[in-house]
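>>> no FASTA, just this:
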């Protein structure tokens, strides 16, 4: 092995110290100062900086499933209105006009006529159910419960979309940091490659080490290209989730303090988290509301066995263009017979009061031709081919299925909490282990840089240490954001911030 002279070693150590300081600065900027880089990027491209909460809110506004769930709430509210109206009086109005010719009966005077006749009629009718076994009342209560179920389902859908948006948000940050680390490592390899060229030119190292350094540089370029593609794909997925175009925004990094301290929610037992959060989960509440609605459906079905009492009435009038009214009487003497006076017929006259009539006006006919009607109807179901019994049976089956669905939702949530707690704990431990591994790999890398600069390490050994270091950096990045997201899910279950506080970042 050819060793460098003291005069050569001194500038090597200076270059190494400079590269080491540069490297450490880039690492700190990558892990602790990502916000400043993102803010600078947003200033350069004139884009807004969006936090996790901003991305979640935009995803909720854009998501089609959320909007469909909101429409279902609207439809449920619309169904509740006629359910309430079924308990109120039903009022209707009617009007009609007819023209008749030929033989017809005047509906106003009941006279048989053989001429043209024009008639009109109008009226108001009402009906109301006085008693139906409380079927209408329970149907209205069921409609109100269905509104709650639809609202809870909307909240559950929003929670799912919020978690998905948070996952994609963290995926973008992970990809961006991986790209920064790859770019930083490429700069280090470029510096080492230039140094290797100088050493080969000076005859201090063999040419094959320069070839190995060039191969390592090519691998680092490939790694940077892969990381850049992953960053673009993650950014595209988040943009599509929010329904916005790429380039219109930049992402704000998470607070670094969140990665330095163990999340308090991990120290809480899963049973305590489940007990505290189960009554706030929209999925469980929606299943509970559907179960209550199914129980009311049984009461509605059973009410069909009860008697039904209704009241109805009508107010109507009519008009005929041939109707006449008596305005007075006139005296008239007319022969009524004769008597025989010795064979001579002598007429007999009598005086009569003949009515004098005139056509009735529309106003008079509307008032005088009024018809009023009020009636009570009682319907008692005796036998209907087992239709009522079948309806009751099916309602009970629906109630049993709704109860099973409710129990299943509770069990699923309990399992989700236990699984999320275990995942969050394991992810945080893995992050701590990866951090320790990175610290050890960092020391090994620093030592390798010194030994490589001084010519005391072959390029093969150096590449092995470098690959171990890059693997440790990659593991820390993945564990960092995986632990953050798993803890976020657990906090989400425990506090349910989207429903209670309106912000998944609180």
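Done, it's in. Here the structure is a predicted model, which is why all the values come from computation and not from measurement.
>>> which residue ranges of the stretch 201-350 of the chain form strands?
249-251, 308-320, 324-341, 344-359 (DSSP state E, counting those that start in this stretch).
>>> could you pull up the residues touching residue 440?
Counting by Cβ atoms under 8 Å, 6 or more residues apart in numbering, residue 440 makes contact with residue 472. C-beta: built from backbone N, CA, C; applies to glycine.
>>> just the element for it, please.
helix 387-453 (DSSP states H and E).
>>> my guess is residue 431 contacts residue 478, does it?
No - applying Cβ atoms under 8 Å, one finds residue 431 not in contact with residue 478, separated by 9.0 Å.
>>> which of these two has more neighbours?
residue 431 (24 against 16; other Cβ atoms under 10 Å).
>>> for the nearest residue to residue 101 once chain neighbours are set aside, the count of nearby residues, please.
Spatial nearest neighbour of residue 101, excluding adjacent residues (Cβ to Cβ, 6 or more residues apart in numbering): residue 116 at 5.0 Å. Counted with other Cβ under 10 Å, the neighbours of residue 116 add up to 12.
>>> do I have it right that residue 116 meets residue 100?
Yes - using Cβ under 8 Å, residue 116 is in contact with residue 100, at 7.0 Å.
>>> for the record, mean pLDDT for stretch 289-297?
For stretch 289-297, the per-residue pLDDT values average out at 95.
>>> can you list the domains in this structure?
Domain assignment of the chain by automatic domain parsing yields the ranges 6-79+136-305+386-500, 324-359.
>>> what about the helices in the protein?
6-32, 34-44, 52-62, 64-85, 135-202, 207-242, 257-260, 270-277, 282-302, 362-368, 387-453, 459-495, 497-500 (DSSP state H).
>>> the ones you listed: which one's closest to residue 309?
helix 135-202 (12.3 Å; Cβ to Cβ).
>>> and the angle from that closest one to helix 207-242?
160 degrees (axes from the mean of the first three to the mean of the last three Cα atoms, to 10 degrees).
>>> who's in contact with residue 216?
Counting by Cβ under 8 Å, 6+ apart, residue 216 has contacts 189, 192-193, 459, 463, 466.
>>> what about residue 203, how many residues nearby?
Residue 203, neighbours per other Cβ under 10 Å, totals 9.
>>> oh, and call the first residue 19 from now on, that's how I've got it
With the count now opening at 19, the last piece we talked about shows up as residue 221.
>>> measure it to residue 193 for me?
Look at residue 221 and residue 193: by Cβ to Cβ, to the nearest Å, they are 43 Å apart.
>>> over to residue 291?
For residue 291, the distance to residue 193 - Cβ to Cβ - is 31 Å.
>>> if you rank the contacts of residue 234 by neighbours, which is first?
Counting by other Cβ under 10 Å, top hit in those: residue 484 with 24 neighbours.
>>> pretty sure that one sits against residue 467.
No - between residue 484 and residue 467 there is no contact under Cβ under 8 Å: 9.2 Å.
>>> where does the prediction get shaky in the stretch 269-418 of the chain?
272-279 (pLDDT under 70).
>>> so what touches stretch 352-360?
Here stretch 352-360 has contacts from 363-368, 370, using Cβ under 8 Å, 6+ apart.
>>> what does stretch 396-413 give?
Counting by Cβ under 8 Å, 6+ apart, 312, 315-316, 318-320, 322-328 sit against stretch 396-413.
>>> for residue 108, state which of those is nearest.
Closest to residue 108, out of all of the contacts of stretch 396-413 and judged by Cβ to Cβ, is residue 328, at 9.8 Å.
>>> report the beta-bridge partner residues of that closest one.
Beta-bridge pairing of residue 328 under DSSP bridges involves residue 147, residue 395.
>>> any idea which of the contacts of residue 234 the model trusts least?
Lowest confidence among these: residue 477, with 73.
>>> ok, back up a step: just the contacts of stretch 396-413 now: which is nearest residue 298?
Checking those one by one against residue 298 (Cβ to Cβ), the nearest turns out to be residue 312, at 22.3 Å.
>>> distance check, that closest one against residue 164.
Distance from residue 312 to residue 164, by Cβ to Cβ: 10 Å.
>>> could the contacts of stretch 396-413 go into a markdown table alongside distance to residue 79?
Putting those into a markdown table (distance: Cβ to Cβ, whole Å) gives the following:
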| residue | distance to residue 79 |
| --- | --- |
| 312 | 33 |
| 315 | 35 |
| 316 | 40 |
| 318 | 38 |
| 319 | 41 |
| 320 | 44 |
| 322 | 45 |
| 323 | 49 |
| 324 | 48 |
| 325 | 52 |
| 326 | 48 |
| 327 | 51 |
| 328 | 48 |
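>>> just the buried ones out of these, please.
312, 315-316, 318-320, 322, 326, 328 (16 or more other Cβ atoms under 10 Å).
>>> just flag the most distant two among those residues.
Across the buried ones among the contacts of stretch 396-413 (Cβ to Cβ), the longest gap, 28.0 Å, separates 312 and 328.
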